[in-house]
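K.L.:
quick one, structure for this:
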Amino acid sequence: MNKYIFLKDATFISTIYNEQESLYDFLQSLFGQSAMVSQIIIVDGGSTDKTVEILKKFFVEDVPMAAEQKKLKETTNGLKNIFHTRYDLEDPQRTVDVEIYQKKGANISQGRNIAFSKAKNNIIFVSDAGCILDKDWLASLSAQIIGLEDVGAAGGFSKPITKSFLEDVLSSCIMPELKEIKKEKFMPSSRSLAIRKDVFMDAGGYPEGMDYGEDMKLNFNIKQKGYKIAFSPEAVVYWRMRSDFLQIFKQFFRYAKGDAIGGMYPVRHAIRFGALALLASIILAAVFIHPLIALSLPVLFVGYIYQPALRIVHRIQKKQMRFFYGLALLIPCLFLQMYIDKAKMIGYLYGLTKRNNKYNISIY
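P.N.:
Numbering: from 1, shown residues only. Reported below is the predicted structural model:
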């Protein structure tokens, strides 16, 4: 294992729940990295499928390293240490501690906070099951934070994994191209994050009252504390798109609910409601004033689908998508974007009813 860049003073953490379908590929991508940390902490939220069984089996049978399992420690407050082992990377000076905990009923914020509390190092890398890590993900992210005292956190770039027409439409609607990302405004997802533990603690950790949007809230708190967040375009995480309409609705409903609870992006959501009001006004004006007013609707729809259309054009140019297949995505993109916005509006209104003043902030 001498090929590894060994990050002695770094920890990798992840929180999982019912991830039996995606967990193995995620773990394989973690252990296929060109760099390796000295500690891995995984917290399970009480999975009811085969997640924990797959997790243990992987670390016992699939990791190509000599292993010695330690005696498990009893814990308190419902937190169980269910697996603890140490791997030698063909060198006694280069070892990886793996610790797996379980706390039934823990949401993602609570699970990540538990993992951070168990981390022995100050540089923490974070990602999620359901993702595939590019082999240079750890190495690329580490280059943006290790030894750079002015950087409190760094994030990578996400690319979609699609396996159906609907998933291609969804990726065109929601997954930005690299050129769309503005480094000065970059806000990383915790599916691809490196952060200093002291910065994490100063920012208050993940807000445990939020089970969605918790990573964006952490980002805002980091920036409010005056820390810099760096962007690493080479640190790529591949993320599977939702595969049916119900999953898509739940995803964006929950994101918007998190925005409302955390007091985030009020202007964006106001614009969304304003666009709906404009559409209704045009339709009513066309019915009650003059039918020609309806001619403004195509202009409105072109503006609405402009960004997804640019992404499709870019993917056609990069030969990631066939020309006629890309054209076939355009109209479904319009309707899926409207469907997503409906989920966001309902989720945001619902979140406002659950809002806790301690999370309220004024954010653009």
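
K.L.:
and the longest helix for the protein?
P.N.:
Longest helix of the chain, by residue count under DSSP state H: helix 323-353.

K.L.:
and that one, what does it pack against?
P.N.:
Contact here means 3 or more CB pairs under 8 Å, 6 or more residues apart in numbering; DSSP states H and E; on that basis helix 323-353 packs against helix 165-174, helix 245-262, helix 266-288, helix 296-317. Bear in mind the C-beta positions are built from the backbone N, C-alpha and C, glycine included.

K.L.:
how far is it from where the chain is centred?
P.N.:
Mean C-alpha position of helix 323-353 versus that of the full chain (CA atoms, centre = their mean, to the nearest Å) differs by 19 Å.

K.L.:
next, the buried residues of that helix.
P.N.:
For helix 323-353, the neighbour count (16 or more other CB atoms under 10 Å) marks 326, 329, 332-334, 336-337, 339-341, 343-345, 347-348, 351 as buried.

K.L.:
next, give me the two most distant ones among the residues you listed.
P.N.:
Gly326 and Gly351 (34.7 Å; CB to CB).

K.L.:
which residues sit in contact with the closest residue to Asn113 other than its chain neighbours?
P.N.:
If you skip the residues right next to it in sequence, Asn113 has Gly205 as its closest partner in space, 4.9 Å away by CB to CB, 6 or more residues apart in numbering. With CB atoms under 8 Å, 6 or more residues apart in numbering as the criterion, the residues that contact Gly205 are 109, 112-113, 116, 218.

K.L.:
how is Gly205 assigned, secondary-structure-wise?
P.N.:
coil (DSSP: H, G, I helix; E, B strand; the rest coil).

K.L.:
residue ranges for the helices of the stretch 101-250 of the chain, please.
P.N.:
108-118, 137-143, 165-174, 197-202, 214-224, 245-262 (DSSP state H, counting those that start in this stretch).

K.L.:
averaged pLDDT, the longest one. What do you get?
P.N.:
Per-residue pLDDT values over helix 245-262 give a mean of 96.

K.L.:
ok, now the second one?
P.N.:
For helix 137-143, mean pLDDT is 96.

K.L.:
right, and the helix or strand after the helix or strand bottoming out on mean pLDDT in the chain?
P.N.:
For the chain, the helix or strand with the lowest mean confidence is strand 66-69, at a mean of 58 (criterion: mean pLDDT, DSSP states H and E). Toward the C-terminal end, the helix or strand that comes next after strand 66-69 (DSSP states H and E) is strand 79-88.

K.L.:
how many residues are close by Lys120?
P.N.:
The burial metric for Lys120, expressed as a neighbour count using other CB atoms under 10 Å, is 12.

K.L.:
next one: the one 10 residues further on
P.N.:
Using other CB under 10 Å, the number of residues around Gly130 comes to 18.

K.L.:
now it: closest residue in space, sequence neighbours ignored.
P.N.:
Using CB to CB, 6+ apart and skipping the chain neighbours, the partner closest in space to Gly130 is Ser22 (4.6 Å).

K.L.:
how much space separates that neighbour from Lys197?
P.N.:
Distance check for Ser22 against Lys197: by CB to CB, to the nearest Å, it reads 27 Å.

K.L.:
before we move on, what about His84?
P.N.:
His84 is 20 Å from Lys197, where distance means CB to CB.

K.L.:
same check on Trp137?
P.N.:
Distance from Trp137 to Lys197, counting by CB to CB: 19 Å.

K.L.:
more crowded one of those two?
P.N.:
Higher neighbour count among Trp137 and Lys197: Trp137, with 29 against 17, using other CB under 10 Å.

K.L.:
quick revisit: wait, the residue nearest to Gly130 sits on Arg240?
P.N.:
Yes: using CB atoms under 8 Å as the test, Ser22 is close enough to Arg240 to be in contact (6.8 Å).

K.L.:
who touches both of the two?
P.N.:
Both Ser22 and Arg240 are contacted by 130-131, under the criterion CB under 8 Å, 6+ apart.

K.L.:
now the helices of the stretch 101-250 of the chain in a markdown table, with distance to Ala153?
P.N.:
Formatted as a markdown table, these follow (distance: least, CB to CB, whole Å):
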| stretch | distance to Ala153 |
| --- | --- |
| helix 108-118 | 13 |
| helix 137-143 | 10 |
| helix 165-174 | 23 |
| helix 197-202 | 6 |
| helix 214-224 | 6 |
| helix 245-262 | 17 |
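
K.L.:
tell me which of those helices sits nearest to Arg94.
P.N.:
Ranking the helices of the stretch 101-250 of the chain by distance to Arg94, with CB to CB as the measure, places helix 137-143 first at 14.4 Å.

K.L.:
not counting its neighbours along the chain, what's nearest Asp136?
P.N.:
With CB to CB, 6+ apart, the residue lying closest to Asp136 is Ser34, at 5.3 Å.

K.L.:
quick one, what contacts the one you found?
P.N.:
Taking CB under 8 Å, 6+ apart, one finds 3-5, 135-136, 138-139 in contact with Ser34.

K.L.:
of those, just the buried ones, PyMOL syntax please.
P.N.:
The buried residues among these can be selected in PyMOL (16+ other CB under 10 Å) with this line:
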select buried, resi 4+136+138+139
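
K.L.:
nothing else from me, thank you.
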